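*Asks:* Predicted model, plus sequence, below.
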Amino acid sequence: MKFKLSGVLIGTALTLVACGEDDSVSIYTHNVEDEMQPMVSALEEETGVNADFLNLSSEEGFSRAEAEFPDVGAEIQWGQLHSLALLAQEEDMLGSYESPEWEDVPDEFKDPEGQWYGWSYWYNELAVNTDLVEDLGLDTPTSWEDLTDPQYEGEIVMPDPSVSGTGFLFVSTIMQMLGEEEAWDYFEALDQNVGQYVESADVPGQMAAQGEYAIGITWDQAVNDFIEEGYPIEGVVPDEGVGYDLDVIWIYEGYEEDENVQQVVDFVGSEAGMEAAAEHRSMVTKPGIEGTAGDAEPNLIDYDALWAADNRQDIQDEWDSRFNS
Amino acid sequence: MIVQTNTTVGDSISHRFKLTWKRFWSEPGFAVAAIIVAALLILFILLPLAAVLLRSFGIGGEGFSFQYYQQFLQHSSYFQALLNSIGVGVVTTAIVISISIPFALYVTRTKSTLSKMYRALSLLPMVAPPFIFSLSLIILLGRRGVVTEHINNLFGVEFSIYGFWGVVVAQVLGFFPIAYMMIESSLRSINPSLEHASRDLGAGQARTIFKVSLPLASTGILKASLIVFVMALADFSNPLIIGGETSFLASDAYLLVTGQQNLEMAAVLGVFLIIPSLIVFLYQTYFIKDIETTSIDSSAGTSNVPLNKKIQGVTFGISTLMALFIAVMFIMVVLGAFVQIIGVNNTFTLDHFSDPSGWEFISTSLIVSFFAALLASVLGLLQGYLTVRKNIPAKKFLEFVALFGLAVPGTVMGIGYVLIFNGPPLFLTGTVLLLVLNMTFRKIGVGLESGISKLHQIDTSMEEASADLGAKPLHTLRKIVLPLLSPAFMSGFVYTFMTAMVSVSSVIFLVSPGTNLAATYILNLANQAAVGRASAMSVIMIAIVLICMAVLKWIERRNNAGI
């Protein structure tokens, strides 16, 4: 019995260890399943590289990788905020790899050392439920300023900037437009109207779509997706302009020599990869490939990702003390 | 003089120690097994908990300090989270128990087919991820839910399910089966002749129920209440989905770890989660006197007096409402899986089922749960055997550790595992093995408990007979004890498998690319507001768990028939 039991135990352990280690590339991403799955399938089809991904919201993924470093549980981060790439770069968490596929992508979208590559960019947008606005007798908001109007009390839902990258982009955009002091006044006023802060950026879109709240602060593609699915949703790009963020891919330090990992970066920069991405993104960075937004360029402000990276922690701490307690 | 006394005492201690040791080693095979079990329990239950406790004082991080506890008390939201969690625990428990009792009375004391259906229905929520009802609740009772509109029109209020009451309702659904099962079994085990006696002496049925039946079942009811309370307190997924702006301990601890990597503060919250569980656990294990109504003598053939019209009416009413509620929630999940967007676009579709990652995670879940169930029941039984039949040192303590593993909130265990296994010398993060170990040692107490109670029922004379006839201890174990233990093995296995399939709170900290699990994936989908796919995955999981259980039941029945 003793031998049998220990045999079973050892056998089990070995099987499990074997299961845990296969030849797949493992990926952290902040992209939602809906978007990531087809892109990973395209990768597997095109290159034969197997990939496993785990969806973690921007902040969640970043803090997890930070804690795990130098033994990060994923080799690649495919889909993350530009500002977090800059932060990760500062903390020497990134490996550099010069991919030939990215040559024609403009320099502003990639790191000169090949430590990160931006494959698409996206911006904040409001998802407004047209049915509900009518039912409740509300005006359709056209600016950020409008959102503090008392008529919207309890009708706005937005992502929590201490967990969600989209939420953070919104907050730091307002900061860059108004200056810190005035921005905090703005958020205090907005807080009066916010019905709920949620964890992930797509949730406000979904909640507005389902009619839980009239207005969701979210990002462009979430709005497009819900319109396409047939929800009574209208996208509003506020007049003052919106911040945008580059969505980037990087290799964590120590994995940059791995050929499969390199192939993933190559694929994302290739025609096929960018086309797969363009199915789900308003704008991609490769010239000549059009995202779902087509030509309609929204009024993007001159967003300073570096400033956002530098002030991220302070802003989040202040946010927590004001609105999460 | 003093020195001399000391040496004598020392001598006698060392003598006793030698004796114990000698006896312990007299059967080296069992001794080695005992050491292995003890080491595993310490490594996979005690150490993670110790790590959480130490970390809450900053040890292993910045260095020893009370600052995190100070922050906890000053930061009003954390303290509020504690109050909310306790509040939800109390309210949920009160509701669950006051529904479970009439429900159990109805099922055990009427013979209609309807009561059998109700019984099956009442257990259904166990096989679904515990948070899935939050989604259905939002669809029905959200700010613009299907039902909400009528409520608002009817009462002229702005009704919202998000927050405290949403969590309560979701928990009532999720934890009802456990409480119900325990109460039902204690009501069933009451010797019917006691009730008959009460009736014969002239007491009415209501009086009999309140003065005889319920007092006899009170241990079971108390135990059920305590378990539901701890589960509600430690629940983290419902607050995450339907908690809205209200904060709760377990979900806050989770967000502190994942969102901010603030392990110290999460550890403090964890400590506040452990304390009530520990109190409840100690109380339940050492202070509740089991009045075990083992006056059972069901062979007498008497059955309970059927309920009279009035009481049957009341219990039927309550049971029906609850059964309907459960049914409606399940129908919502199933509908959600098969239509485009429930409530908005109700066209039929199978799209939500074509989810390659989902299927992959389901297969990982199956593998992990299977091995966890196997390990937990084998190790649990082994420990049970060593505890009851062999004279191993510290067995009370080891039993305590294993059973406490059951009571510890998953969130705390998860944080402990992150602290211990995320670096050398035990770098296990990102492996399937870690998931299996986590689930195994959280459930090892089940196998242990059922093993112990089974072994107490088996007369040692059988083993003695075997030994007298010349069988070696291992031979006796294999030929006599193990076959008798197989029902205990099965029950431990089934329970662990089922709970492992749907559990999220501790493994959510441990999943990684390639080793994601179905239940955490469903939570993720729910968080991304992908209701359709979350429902579809839940439906698949419910189906798989039900099929597995049916297969296991079949095997069990066949084996029993064979013996």
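*Replies:* Okay, I see it.

*Asks:* Point out where the stretch 201-350 of chain B drops to low pLDDT.
*Replies:* Scanning the stretch 201-350 of chain B for pLDDT under 70 picks out B:289-303.

*Asks:* residue boundaries of the strands in chain A?
*Replies:* Shown for chain A, the strands assigned by DSSP state E span residues A:25-29, A:51-55, A:76-81, A:94-95, A:116-129, A:156-159, A:194-198, A:215-219, A:233-236, A:244-252, A:283-284.

*Asks:* Quick check, B:V91 in contact with B:V172.
*Replies:* No. The criterion here is Cβ atoms under 8 Å, and B:V91 misses it with B:V172 at 9.0 Å. Any C-beta I mention is one placed from the backbone N, CA and C, and that applies to glycine too.

*Asks:* which one of these two has more residues nearby?
*Replies:* Applying other Cβ atoms under 10 Å in any protein chain shown to B:V91 and B:V172 shows that B:V172 carries more neighbours, namely 23 against 17.

*Asks:* any idea how far that one is from chain A?
*Replies:* Computed as Cβ to the nearest Cβ, to the nearest Å, the B:V172 to chain A distance reads 22 Å.

*Asks:* Just confirm that residue contacts B:I95, I think it does.
*Replies:* Yes. Contact criterion Cβ under 8 Å: B:V172 and B:I95 qualify, at 5.1 Å.

*Asks:* what's the nearest residue to A:A222 if we skip its chain neighbours?
*Replies:* A:G205 (3.6 Å; Cβ to Cβ, 6 or more residues apart in numbering or on different chains).

*Asks:* so of the strands of chain A, which one's packed in deepest?
*Replies:* Using mean count of other Cβ atoms under 10 Å in any protein chain shown, the stretch among the strands of chain A with the largest mean neighbour count is strand A:215-219, at a mean of 29.

*Asks:* and B:L335, how many neighbours does it have?
*Replies:* Neighbours around B:L335, by other Cβ under 10 Å: 17.

*Asks:* How about the contacts made by it?
*Replies:* B:I342, B:S535 (Cβ atoms under 8 Å, 6 or more residues apart in numbering or on different chains).

*Asks:* How much space separates B:T285 from B:F159?
*Replies:* 42 Å (Cβ to Cβ, to the nearest Å).

*Asks:* Please say which of the two ends up with more neighbours.
*Replies:* More crowded of B:T285 and B:F159, by other Cβ under 10 Å: B:F159, with 17 against 13.

*Asks:* Helix, strand, or coil at that one?
*Replies:* Assigned by DSSP: H, G, I helix; E, B strand; the rest coil, the conformation of B:F159 is coil.

*Asks:* Would you confirm that it contacts B:T148?
*Replies:* Yes. The pair B:F159 / B:T148 is scored as a contact, 5.5 Å apart, by Cβ under 8 Å.

*Asks:* Any chance you could list residues touching both of those two?
*Replies:* Shared contacts of B:F159 and B:T148 (Cβ under 8 Å, 6+ apart): B:L141.

*Asks:* So what touches stretch B:86-94?
*Replies:* B:164, B:167-168, B:171-172, B:175, B:225, B:228-230, B:232-233, B:235, B:239, B:248, B:276.

*Asks:* so where do the helices sit in the stretch 251-400 of chain B?
*Replies:* Assigned by DSSP state H, counting those that start in this stretch, the helices in the stretch 251-400 of chain B fall at B:263-282, B:309-338, B:356-389, B:395-407.

*Asks:* Report the contact partners of the residue of the stretch 201-325 of chain A found nearest chain B.
*Replies:* Residue nearest to chain B within the stretch 201-325 of chain A: A:Q206 (3.3 Å; Cβ to the nearest Cβ). By Cβ under 8 Å, 6+ apart, A:Q206 lies in contact with A:G216, A:A222, A:F226, B:Q528, B:A529, B:A530, B:V531.

*Asks:* Same question for B:S56.
*Replies:* Going by Cβ under 8 Å, 6+ apart, the list of residues near B:S56 reads B:Y68, B:Y69, B:E264, B:A267, B:V268, B:G270, B:V271.

*Asks:* where do the helices sit along chain A?
*Replies:* According to DSSP state H, chain A carries its helices in the segments A:2-20, A:33-47, A:58-68, A:82-90, A:130-136, A:165-178, A:180-193, A:202-210, A:220-228, A:259-269, A:271-278, A:305-323.

*Asks:* Make CSV from those helices and add mean pLDDT to it.
*Replies:* Below are these laid out as CSV (pLDDT from 0 to 100):
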stretch, mean pLDDT
helix A:2-20, 51
helix A:33-47, 91
helix A:58-68, 85
helix A:82-90, 90
helix A:130-136, 92
helix A:165-178, 93
helix A:180-193, 95
helix A:202-210, 89
helix A:220-228, 87
helix A:259-269, 94
helix A:271-278, 93
helix A:305-323, 88
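
*Asks:* any idea which of these is most buried?
*Replies:* Highest mean neighbour count among these (mean count of other Cβ under 10 Å): helix A:202-210, a mean of 28.

*Asks:* report the angle between the axes of that helix and helix A:165-178?
*Replies:* 90 degrees (axes from the mean of the first three to the mean of the last three Cα atoms, to 10 degrees).

*Asks:* and helix A:202-210, how far from the chain's centre?
*Replies:* From the chain centre to the centre of helix A:202-210 is a distance of 16 Å (Cα atoms, centre = their mean, to the nearest Å).

*Asks:* what angle do that helix and helix A:220-228 make?
*Replies:* Going by the same axes, to 10 degrees, helix A:202-210 makes 30 degrees with helix A:220-228.

*Asks:* Could you tell me which residues make contact with the closest residue to B:R188 other than its chain neighbours?
*Replies:* Nearest residue to B:R188, sequence neighbours excluded (Cβ to Cβ, 6+ apart): B:T108, at 5.3 Å. B:T108 sits next to B:E184, B:L187, B:R188, B:N304 when contact means Cβ under 8 Å, 6+ apart.

*Asks:* can you state the direction angle for the helix or strand containing B:T108 and helix A:305-323?
*Replies:* Per DSSP states H and E, B:T108 falls inside helix B:76-109. On the basis of the same axes, to 10 degrees, helix B:76-109 is oriented at 70 degrees to helix A:305-323.

*Asks:* still on that earlier bit, okay, the residue of the stretch 201-325 of chain A closest to chain B and A:Q263: tell me how far apart.
*Replies:* 34 Å.

*Asks:* Equivalent analysis for B:E149, please.
*Replies:* 53 Å.

*Asks:* So B:V504 belongs to a helix, correct?
*Replies:* No. Read with three-state DSSP, B:V504 is coil and lies in no helix.

*Asks:* Now it. Nearest residue, chain neighbours left out?
*Replies:* B:A519 (4.7 Å).

*Asks:* Could you pull out the strands in chain B for me?
*Replies:* B:339-341, B:345-348.

*Asks:* Show me what from the stretch 401-550 of chain B comes close to chain A.
*Replies:* B:422-423, B:427, B:429-433, B:436, B:474, B:477-478, B:482, B:511-516, B:524-525, B:527-531, B:533 (Cβ under 8 Å from any Cβ of the partner chain).

*Asks:* quick one, what contacts B:L517?
*Replies:* Contacts of B:L517 (Cβ under 8 Å, 6+ apart): B:F361, B:T364, B:S365, B:V368, B:L435, B:V504, B:V507, B:V511.

*Asks:* Counting neighbours, which of the residues you listed comes out on top?
*Replies:* Most surrounded of those: other Cβ under 10 Å gives B:L435, at 31 neighbours.

*Asks:* so that residue makes contact with B:V507?
*Replies:* Yes. At 5.6 Å, B:L435 counts as touching B:V507 under the criterion of Cβ under 8 Å.

*Asks:* List the contacts of residue 197.
*Replies:* Reading this off chain A. A:V157, A:M158, A:P159, A:D160, A:G167, A:F323, A:N324, B:E245.

*Asks:* Next, give me the two most distant ones among those.
*Replies:* Pairwise distances across these peak at 15.7 Å for A:V157 and A:N324 (criterion: Cβ to Cβ).
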